[in-house]
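A.B. asks: coordinates only, sequence not included:
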């Protein structure tokens, strides 16, 4: 019997036939990134328990097969799929989305999230406790996983919380001798043998007395102090920050993470969204410095969007906005799943165009009336720069007094959103992330490549709004800017003109960021788009000395032992 056939039979003996995928067209949704990257895999395994993951890992390690761990596959830099076909060993993808358990501990103040659990599921689970997760919108809208956020240093939009971080996790790694070992840093006594540990965790077979409360962190406890330091010459948060690389946190799939333990947060009593508009980026810079350095209460979030991006999102993200607004975030993973299936089928039908699902959804969205509030539209016509700032509890009155006084003396204006306006303003900003891909899909034949840059600028940077030199700017067809302005994390998206060498242009752009003291990526992980800096590469090698998990991440070696 051939090598692949034997492997597949052994994997099916663990999960059952239905959950080992080998057909090429079915593998595509797992082997092709949401926005970037694709490659071959021998099989995709979809286990239903932590123990099944362990057994699959044992087979793969024994047979010298590369493992790529994957949850929702919603990453923007291709870090959870193969990238190309130049690996020196075959690949098995382990998709964990069937393992979505969430366990509540310490009366809801902490949770244990399994490898396939989602932010949306956690939000619902915590609601009866009056608490909420680290991130509450954004990635959660497309079904992103809790563990994926931790592994990728995802920053989230929430100013008080910083990147997703924990020192409490349970994971498998391959040591230098090529042996698979289980590391239980979860802070829960679950037994000694891997099989017992994973089964006891899966079945919640432990008592409160077995839970340890040590000095190990389950969140970034220093971020508020860091983000308030507006005169610092370094960014507040970025992917390669050694301060927050620990075990599962920032691992980028170089270990197989079974579960993480995280802090939760009280839901505010009151919340108020302020919509700020101006034609000067310096006005927003001054507001940012004042609020971070002088306010007693930090904002909950502060989401920037440029007018060009506002327009693009209004047109090209309209269907996503309407779907979330009318049917809730829980519908979005189903929508994306349907979209992927449509594209897989249409790719095999020559009479249908490429990106058929995008073109169909864009066509249908044109029949829906304007979905944005009147006051937002008025500000769009009046102002180039828009900032959606959410305050909570005592911070509401503090912000209200500040904005009234500030705009009596400065250009621009603000308004207090109604609940309906607040919901739509926040949602409009977050669906903006999909506008670039849709625009490119619709106009693909007239355009060059698209690039999504995720940049963390120094906290003292005053020229935060990009001004490109003409020799670079003339090569770009479209620029879309949005981001988390209090944290100085900007998402700068470009579509280059047809015929332009995107790789060369990217190098020029990165040089401009380097000259400004920026770090990149800020929160999307290096994936296969960015080069892992030496500190990050060293961390990967410490976690995975034989390079058996997710090789090539951060444009590192794909070869065994990092050759």
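C.D. replies: Nice, I can see it. Predicted model, so just to flag it, every value in this text is computed and none were measured.
A.B. asks: from here on, just use CA atoms for contacts and neighbour counts.
C.D. replies: OK.
A.B. asks: residue 323 against residue 334, yeah?
C.D. replies: No: using CA atoms under 8 Å, residue 323 makes no contact with residue 334, being 10.7 Å away.
A.B. asks: once you drop chain neighbours, what's closest to residue 380?
C.D. replies: Of all residues not flanking residue 380 in the chain, residue 307 sits nearest, at 6.4 Å (CA to CA, 6 or more residues apart in numbering).
A.B. asks: ok, the one you found - contacts?
C.D. replies: Residues near residue 307 by CA atoms under 8 Å, 6 or more residues apart in numbering: 380, 383-386.
A.B. asks: all strands for the stretch 251-400 of the chain, in order.
C.D. replies: For the stretch 251-400 of the chain, the strands defined by DSSP state E, counting those that start in this stretch cover 256-263, 265-266, 271-278, 301-306, 385-392.
A.B. asks: any idea which of these is most buried?
C.D. replies: Highest mean neighbour count of these: strand 256-263, a mean of 27 (counted as mean count of other CA atoms under 10 Å).
A.B. asks: so what touches the lowest-mean-pLDDT helix or strand in the chain?
C.D. replies: Every helix and strand in the chain was compared by mean pLDDT, DSSP states H and E; the lowest is helix 332-347, with a mean of 74. With contact meaning CA under 8 Å, 6+ apart, helix 332-347 is reached by 25, 28-29, 141-143, 320, 323-324, 352-358.
A.B. asks: in the stretch 451-563 of the chain, which spans are strands?
C.D. replies: 476-484, 489-497.
A.B. asks: in its sheet, what does the last one sit against?
C.D. replies: Pointing back at strand 489-497 there. Within its sheet, and counting by DSSP bridges, strand 489-497 is paired with strand 447-456 (antiparallel), strand 476-484 (antiparallel).
A.B. asks: would you format these as CSV with distance to residue 95, mean neighbour count and mean pLDDT included?
C.D. replies: Below are those laid out as CSV (distance: least, CA to CA, whole Å; neighbours: other CA atoms under 10 Å; pLDDT from 0 to 100):
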stretch, distance to residue 95, mean neighbour count, mean pLDDT
strand 447-456, 25, 22, 94
strand 476-484, 30, 21, 97
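A.B. asks: of these, which is nearest residue 238?
C.D. replies: strand 447-456 (6.2 Å; CA to CA).
A.B. asks: circling back to that earlier point, determine which of the strands paired with strand 489-497 approaches residue 406 most closely.
C.D. replies: Comparing those by CA to CA, strand 476-484 comes nearest, at 21.3 Å.
A.B. asks: just the buried positions in stretch 200-214, please.
C.D. replies: Applying a neighbour-count criterion of 16 or more other CA atoms under 10 Å, one finds 201-202 buried in stretch 200-214.
A.B. asks: contacts for that stretch?
C.D. replies: With contact meaning CA under 8 Å, 6+ apart, stretch 200-214 is reached by 49-50, 101, 103, 187-191.
A.B. asks: return the member of the residues you listed nearest to residue 504.
C.D. replies: The closest of the contacts of stretch 200-214, once distances to residue 504 are taken by CA to CA, is residue 50, at 43.8 Å.
A.B. asks: name the nearest residue to that closest one, ignoring sequence neighbours.
C.D. replies: Residue 50's closest residue in space is residue 198 (CA to CA, 6+ apart), at 5.9 Å.
A.B. asks: OK, contacts around that neighbour?
C.D. replies: 50-51, 190.
A.B. asks: same question for residue 181.
C.D. replies: 172-175.
A.B. asks: so of these, which ones are in strands?
C.D. replies: Secondary structure from DSSP state E places 172-174 of the contacts of residue 181 in strands.
A.B. asks: quick check: which ranges of the stretch 351-500 of the chain have low pLDDT?
C.D. replies: 351 (pLDDT under 70).
A.B. asks: again, but for the chain
C.D. replies: Checking the chain against pLDDT under 70 turns up 1-3, 136-143, 156, 333, 351.
A.B. asks: helix, strand or coil: sort out residue 68 for me.
C.D. replies: Here residue 68 is recorded as strand under DSSP: H, G, I helix; E, B strand; the rest coil.
A.B. asks: that one reaches residue 553, doesn't it?
C.D. replies: No: using CA under 8 Å, residue 68 is not in contact with residue 553, being 10.6 Å away.
A.B. asks: which one of those two has more residues nearby?
C.D. replies: residue 553 (29 against 25; other CA atoms under 10 Å).
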